[in-house]
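Visitor: sharing a sequence plus its predicted fold:
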Amino acid sequence: MYRVIEVARMLGVSKVTIYKKMRYLKDEIKPYVVKEKNITHIKSEGVELIKNTLQVQDFDAENKDSLKVVDLEKQVNALRVELDSKNDIVDKLKKQRADELNDKVEHLRQVFVEKKIIERKLNQQLMMNKSITDELKQQIALFNEINRLSF
C-alpha cells in the first residue's frame, strides 16, 4: 500500500491530482483505498486504476496539444503568407517611390542645366551691354570734349 503523496511522486503528479482522480473513480477505486489514522493509503490495484486514467488523459492532452500545434502552424503559415504579400506591396511601393525620386532628380538636373545655360547667356548679354555702355561713355566723353573745345 502507498500513501497518496507516494502515489503522486510515482506518477509525477500532485497530491491534488490524485485526490481528484480518486473522486472521479469513486466507486471503482473504493475497494483499493484504506484509511489508517487519518492517512489515506492506496493498494497497487488502485494505483494502476489512477495510472490508467492519467495515461488516457495525457493521451487526450497530447492530441489536444497536437491539434493546437497544427492550428498554430496554420495560423503562422497564414501570417507568413500575409506578411509576404505585404512585403511585396512595400517593395513595390519602395520601387515606385525610388523611381519617382529618380525622375524628380533627373528633372532637377535638367532644370539646373537649363538655368546654367540661361545664366551663361545672361552673363554674355551683360558683358555685351557693359561693352556697349563703355563705348557709349567714350562717345559721350568725346562729344563733351568736342563741345567744350568748340565753345
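Guide: Okay, I see it. Numbers count the residues shown, from 1 in each chain.

Visitor: what ranges do the strands span in the chain?
Guide: Remark: strands assigned in the chain by DSSP state E are 2-3, 33-36, 39-42.

Visitor: and the gap between the residue positioned nearest the centre of the chain and residue 71?
Guide: Residue closest to the average C-alpha location in the chain (Cα atoms, centre = their mean): residue 83, at 8.6 Å. Going from residue 83 to residue 71 by Cβ to Cβ, to the nearest Å gives 18 Å. Any C-beta I mention is one placed from the backbone N, CA and C, and that applies to glycine too.

Visitor: format the strands of the chain as TSV; extra columns: mean pLDDT.
Guide: Output for these, formatted as TSV (pLDDT from 0 to 100):
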stretch	mean pLDDT
strand 2-3	90
strand 33-36	90
strand 39-42	92
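
Visitor: export the ones you listed to JSON lines and append columns for mean neighbour count and distance to residue 133.
Guide: Compiled in JSON lines, these are given as follows (neighbours: other Cβ atoms under 10 Å; distance: least, Cβ to Cβ, whole Å):
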{"stretch": "strand 2-3", "mean neighbour count": "16", "distance to residue 133": "121"}
{"stretch": "strand 33-36", "mean neighbour count": "11", "distance to residue 133": "125"}
{"stretch": "strand 39-42", "mean neighbour count": "17", "distance to residue 133": "122"}
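
Visitor: got these as JSON lines, with distance to residue 122 columns?
Guide: Converted to JSON lines, the strands of the chain look like this (distance: least, Cβ to Cβ, whole Å):
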{"stretch": "strand 2-3", "distance to residue 122": "107"}
{"stretch": "strand 33-36", "distance to residue 122": "111"}
{"stretch": "strand 39-42", "distance to residue 122": "108"}
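
Visitor: which one of these lies closest to residue 146?
Guide: strand 2-3 (140.7 Å; Cβ to Cβ).

Visitor: now for that closest one, which elements pack on it?
Guide: For strand 2-3, the packing partners by 3 or more Cβ pairs under 8 Å, 6 or more residues apart in numbering; DSSP states H and E come out as strand 39-42.

Visitor: can I have the strand it packs on written out in CSV, keeping just the CAs?
Guide: Output in CSV follows, covering the C-alpha atoms of strand 39-42 (Å, rounded to 0.1, in the frame of the first residue of the first chain):
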residue,chain,number,x,y,z
ILE,A,39,-3.8,8.8,6.3
THR,A,40,-5.1,7.6,3.0
HIS,A,41,-3.4,4.5,1.5
ILE,A,42,-3.9,3.1,-1.9
